[in-house]
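**Student:** fold the following for me, if possible:
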Amino acid sequence: MDTTLRLAQRPEADDLLGRSPLALLVGMLLDQQVPMEWAFAGPYTIARRLGADDLDARTVAAQDPEAFAALLAEKPAVHRYPGAMAGRVQQLCRYLVDTYDGDAAAVWTGVGDGRELLARLTALPGFGDQKARIFLALLGKQLGVRPAGWREAAGPYGEEGCHRSVADITGPDSLARVRAHKQEAKAAAKAAKAAKQARAAKAAEAAPKKR
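**Tutor:** Here you go, the predicted structure:
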(Lines give C-alpha, C1' and ligand atoms only; values in the text may rest on other atoms or scores of the structure.)
Protein backbone atom coordinates (compact mmCIF):
# COMPACT_ATOMS: atom_id res chain seq x y z
CA MET A 1 0.00 0.00 0.00
CA ASP A 2 1.48 3.31 -1.10
CA THR A 3 -1.24 5.80 -1.95
CA THR A 4 -1.43 9.58 -1.94
CA LEU A 5 -4.10 10.64 0.54
CA ARG A 6 -5.19 14.07 1.76
CA LEU A 7 -7.24 13.22 4.81
CA ALA A 8 -5.21 14.84 7.56
CA GLN A 9 -4.26 17.86 5.45
CA ARG A 10 -0.72 17.47 6.83
CA PRO A 11 1.90 16.00 4.45
CA GLU A 12 3.72 13.89 7.03
CA ALA A 13 0.50 12.52 8.52
CA ASP A 14 -1.03 11.85 5.11
CA ASP A 15 2.16 10.11 4.00
CA LEU A 16 1.77 7.65 6.88
CA LEU A 17 -1.90 7.06 6.04
CA GLY A 18 -0.97 6.35 2.44
CA ARG A 19 1.61 3.70 3.27
CA SER A 20 0.24 2.14 6.45
CA PRO A 21 -3.01 0.14 6.46
CA LEU A 22 -3.04 0.11 10.26
CA ALA A 23 -2.64 3.89 10.44
CA LEU A 24 -5.58 4.28 8.08
CA LEU A 25 -7.76 1.98 10.19
CA VAL A 26 -6.79 3.81 13.38
CA GLY A 27 -7.53 7.17 11.75
CA MET A 28 -10.98 5.91 10.77
CA LEU A 29 -11.53 4.65 14.32
CA LEU A 30 -10.63 8.06 15.74
CA ASP A 31 -12.97 9.84 13.31
CA GLN A 32 -15.82 10.65 15.65
CA GLN A 33 -16.65 13.73 17.72
CA VAL A 34 -13.59 15.57 16.41
CA PRO A 35 -12.77 17.28 13.10
CA MET A 36 -11.75 14.80 10.40
CA GLU A 37 -8.27 16.28 9.99
CA TRP A 38 -7.63 15.92 13.74
CA ALA A 39 -8.69 12.28 13.69
CA PHE A 40 -6.57 11.28 10.72
CA ALA A 41 -3.50 13.09 12.03
CA GLY A 42 -3.78 10.92 15.16
CA PRO A 43 -1.94 7.84 13.86
CA TYR A 44 1.11 9.94 12.95
CA THR A 45 1.13 11.54 16.40
CA ILE A 46 0.83 8.14 18.11
CA ALA A 47 3.65 6.67 16.02
CA ARG A 48 5.95 9.61 16.78
CA ARG A 49 5.25 9.39 20.51
CA LEU A 50 6.06 5.68 20.40
CA GLY A 51 9.37 6.55 18.73
CA ALA A 52 8.46 4.85 15.45
CA ASP A 53 7.76 5.85 11.85
CA ASP A 54 4.75 3.52 11.59
CA LEU A 55 2.21 1.80 13.79
CA ASP A 56 2.57 -1.87 14.63
CA ALA A 57 -0.47 -3.77 15.91
CA ARG A 58 1.51 -6.00 18.26
CA THR A 59 3.42 -3.08 19.73
CA VAL A 60 0.28 -1.03 20.34
CA ALA A 61 -1.63 -3.99 21.75
CA ALA A 62 1.20 -4.71 24.21
CA GLN A 63 1.32 -1.18 25.65
CA ASP A 64 0.40 -0.65 29.29
CA PRO A 65 -3.17 0.73 29.08
CA GLU A 66 -2.59 3.61 31.49
CA ALA A 67 0.68 4.60 29.84
CA PHE A 68 -0.89 4.42 26.39
CA ALA A 69 -3.83 6.55 27.51
CA ALA A 70 -1.38 9.11 28.91
CA LEU A 71 0.50 9.07 25.61
CA LEU A 72 -2.65 9.98 23.70
CA ALA A 73 -3.53 12.63 26.28
CA GLU A 74 -0.23 14.51 25.92
CA LYS A 75 -0.79 17.97 24.51
CA PRO A 76 -1.82 18.34 21.80
CA ALA A 77 -4.15 15.45 22.58
CA VAL A 78 -4.77 12.86 19.90
CA HIS A 79 -8.53 13.04 20.53
CA ARG A 80 -11.09 14.94 22.55
CA TYR A 81 -11.51 11.78 24.64
CA PRO A 82 -7.95 10.36 24.69
CA GLY A 83 -8.51 7.84 27.47
CA ALA A 84 -11.52 6.18 25.89
CA MET A 85 -10.00 6.22 22.41
CA ALA A 86 -6.72 4.78 23.66
CA GLY A 87 -8.66 1.76 24.89
CA ARG A 88 -10.46 1.42 21.56
CA VAL A 89 -7.22 1.66 19.58
CA GLN A 90 -5.66 -1.09 21.70
CA GLN A 91 -8.79 -3.23 21.37
CA LEU A 92 -8.65 -2.85 17.59
CA CYS A 93 -4.97 -3.80 17.53
CA ARG A 94 -5.55 -6.85 19.72
CA TYR A 95 -8.29 -7.99 17.38
CA LEU A 96 -6.00 -7.57 14.37
CA VAL A 97 -3.28 -9.57 16.12
CA ASP A 98 -5.68 -12.37 17.07
CA THR A 99 -7.62 -12.49 13.79
CA TYR A 100 -5.19 -11.33 11.10
CA ASP A 101 -1.77 -11.96 12.68
CA GLY A 102 -1.37 -8.21 13.08
CA ASP A 103 -1.70 -7.48 9.36
CA ALA A 104 -4.28 -4.72 8.92
CA ALA A 105 -4.29 -5.03 5.13
CA ALA A 106 -5.42 -8.65 5.48
CA VAL A 107 -8.84 -7.28 6.47
CA TRP A 108 -9.51 -6.38 2.84
CA THR A 109 -7.10 -8.66 0.99
CA GLY A 110 -8.66 -11.51 -0.98
CA VAL A 111 -12.29 -10.80 -0.14
CA GLY A 112 -14.84 -12.38 -2.45
CA ASP A 113 -17.22 -9.45 -2.77
CA GLY A 114 -18.38 -6.22 -1.19
CA ARG A 115 -20.67 -7.94 1.29
CA GLU A 116 -17.81 -10.03 2.65
CA LEU A 117 -15.64 -6.94 2.98
CA LEU A 118 -18.41 -5.08 4.79
CA ALA A 119 -18.82 -8.01 7.18
CA ARG A 120 -15.10 -8.00 7.94
CA LEU A 121 -15.07 -4.27 8.57
CA THR A 122 -18.20 -4.33 10.71
CA ALA A 123 -16.57 -7.01 12.87
CA LEU A 124 -13.69 -4.68 13.76
CA PRO A 125 -13.91 -3.26 17.30
CA GLY A 126 -15.14 0.32 17.16
CA PHE A 127 -16.54 -0.02 13.63
CA GLY A 128 -20.30 0.19 13.46
CA ASP A 129 -22.28 -0.18 10.25
CA GLN A 130 -21.88 3.44 9.14
CA LYS A 131 -18.15 3.63 9.86
CA ALA A 132 -17.60 0.31 8.08
CA ARG A 133 -19.48 1.51 4.98
CA ILE A 134 -17.53 4.78 4.90
CA PHE A 135 -14.22 2.94 5.18
CA LEU A 136 -15.31 0.50 2.48
CA ALA A 137 -16.05 3.48 0.23
CA LEU A 138 -12.65 4.95 1.05
CA LEU A 139 -10.95 1.69 0.09
CA GLY A 140 -12.83 1.56 -3.20
CA LYS A 141 -12.57 5.21 -4.19
CA GLN A 142 -9.01 5.97 -3.16
CA LEU A 143 -7.11 2.70 -2.65
CA GLY A 144 -8.41 0.65 -5.57
CA VAL A 145 -9.89 -2.08 -3.36
CA ARG A 146 -12.94 -2.87 -5.48
CA PRO A 147 -14.40 -6.34 -5.06
CA ALA A 148 -17.63 -7.07 -6.89
CA GLY A 149 -20.51 -5.08 -5.43
CA TRP A 150 -18.35 -2.74 -3.37
CA ARG A 151 -20.38 0.36 -4.19
CA GLU A 152 -23.62 -1.36 -3.24
CA ALA A 153 -22.08 -2.59 0.02
CA ALA A 154 -20.89 0.94 0.83
CA GLY A 155 -24.42 2.25 0.39
CA PRO A 156 -24.77 5.98 -0.32
CA TYR A 157 -21.11 6.50 0.59
CA GLY A 158 -20.11 4.49 -2.48
CA GLU A 159 -21.94 6.75 -4.93
CA GLU A 160 -19.71 8.29 -7.55
CA GLY A 161 -19.33 12.06 -7.48
CA CYS A 162 -20.81 12.56 -4.01
CA HIS A 163 -19.28 14.41 -1.07
CA ARG A 164 -20.74 12.57 1.89
CA SER A 165 -17.74 11.39 3.89
CA VAL A 166 -14.00 11.11 4.34
CA ALA A 167 -14.04 8.68 1.40
CA ASP A 168 -14.56 11.71 -0.88
CA ILE A 169 -11.82 13.96 0.53
CA THR A 170 -8.94 14.53 -1.87
CA GLY A 171 -7.94 18.05 -0.84
CA PRO A 172 -9.10 21.28 0.86
CA ASP A 173 -11.98 21.92 -1.58
CA SER A 174 -13.52 18.48 -1.23
CA LEU A 175 -12.99 18.64 2.55
CA ALA A 176 -15.04 21.84 2.62
CA ARG A 177 -17.79 20.21 0.54
CA VAL A 178 -17.92 17.15 2.78
CA ARG A 179 -18.05 19.35 5.88
CA ALA A 180 -20.88 21.38 4.34
CA HIS A 181 -22.80 18.18 3.57
CA LYS A 182 -22.39 16.99 7.18
CA GLN A 183 -23.65 20.31 8.52
CA GLU A 184 -26.67 20.21 6.20
CA ALA A 185 -27.45 16.64 7.25
CA LYS A 186 -27.16 17.58 10.93
CA ALA A 187 -29.46 20.58 10.45
CA ALA A 188 -32.00 18.44 8.60
CA ALA A 189 -31.94 15.82 11.35
CA LYS A 190 -32.42 18.51 14.00
CA ALA A 191 -35.36 19.98 12.08
CA ALA A 192 -36.95 16.56 11.66
CA LYS A 193 -36.61 15.86 15.39
CA ALA A 194 -38.18 19.22 16.25
CA ALA A 195 -41.06 18.56 13.85
CA LYS A 196 -41.65 15.14 15.37
CA GLN A 197 -41.72 16.60 18.87
CA ALA A 198 -44.13 19.30 17.72
CA ARG A 199 -46.47 16.70 16.20
CA ALA A 200 -46.34 14.65 19.39
CA ALA A 201 -47.13 17.70 21.50
CA LYS A 202 -50.04 18.63 19.25
CA ALA A 203 -51.41 15.11 19.37
CA ALA A 204 -51.16 15.13 23.17
CA GLU A 205 -53.13 18.39 23.33
CA ALA A 206 -55.79 17.02 21.01
CA ALA A 207 -56.20 13.78 22.95
CA PRO A 208 -59.29 13.59 25.17
CA LYS A 209 -58.55 14.33 28.85
CA LYS A 210 -59.12 11.57 31.35
CA ARG A 211 -61.52 12.47 34.13
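**Student:** where does this structure dip in pLDDT?
**Tutor:** 1, 209-211 (pLDDT under 70).
**Student:** can you pull out the helices in it?
**Tutor:** Assignment of helices within the chain using DSSP state H yields the ranges 11-19, 21-30, 36-49, 57-61, 65-73, 82-100, 114-122, 129-142, 150-154, 172-206.
**Student:** quick one: stretch 67-78 to chain centroid distance?
**Tutor:** 19 Å (C-alpha atoms, centre = their mean, to the nearest Å).
**Student:** now stretch 134-147
**Tutor:** That offset, for stretch 134-147, works out to 13 Å (C-alpha atoms, centre = their mean).
**Student:** how about stretch 109-116?
**Tutor:** Counting by C-alpha atoms, centre = their mean, stretch 109-116 comes out at 19 Å from the chain centroid.
**Student:** list the buried ones in it?
**Tutor:** 111, 114, 116 (16 or more other C-beta atoms under 10 Å). In this view, the C-beta of every residue, glycine as well, is placed from N, C-alpha and C.
**Student:** tell me the one among the residues you listed nearest to P156.
**Tutor:** G114 (13.9 Å; C-beta to C-beta).
**Student:** for the helices of the chain, which one sits closest to L5?
**Tutor:** helix 11-19 (4.6 Å).
**Student:** relative to helix 129-142, how tilted is the closest one?
**Tutor:** 90 degrees (axes from the mean of the first three to the mean of the last three C-alpha atoms, to 10 degrees).
**Student:** what's helix 11-19 packed up against?
**Tutor:** Applying 3 or more C-beta pairs under 8 Å, 6 or more residues apart in numbering; DSSP states H and E, one finds that helix 11-19 contacts helix 21-30, helix 36-49.
**Student:** buried ones in that helix?
**Tutor:** 13-19.
**Student:** what sits up against that helix?
**Tutor:** 1-8, 23-24, 27, 40-41, 43-45, 47, 53-54 (C-beta atoms under 8 Å, 6 or more residues apart in numbering).
**Student:** how about a cut-off of 7 Å?
**Tutor:** Helix 11-19 is contacted by residues 1-8, 23-24, 27, 40-41, 43-44, 47, 54 when judged by C-beta atoms under 7 Å, 6 or more residues apart in numbering.
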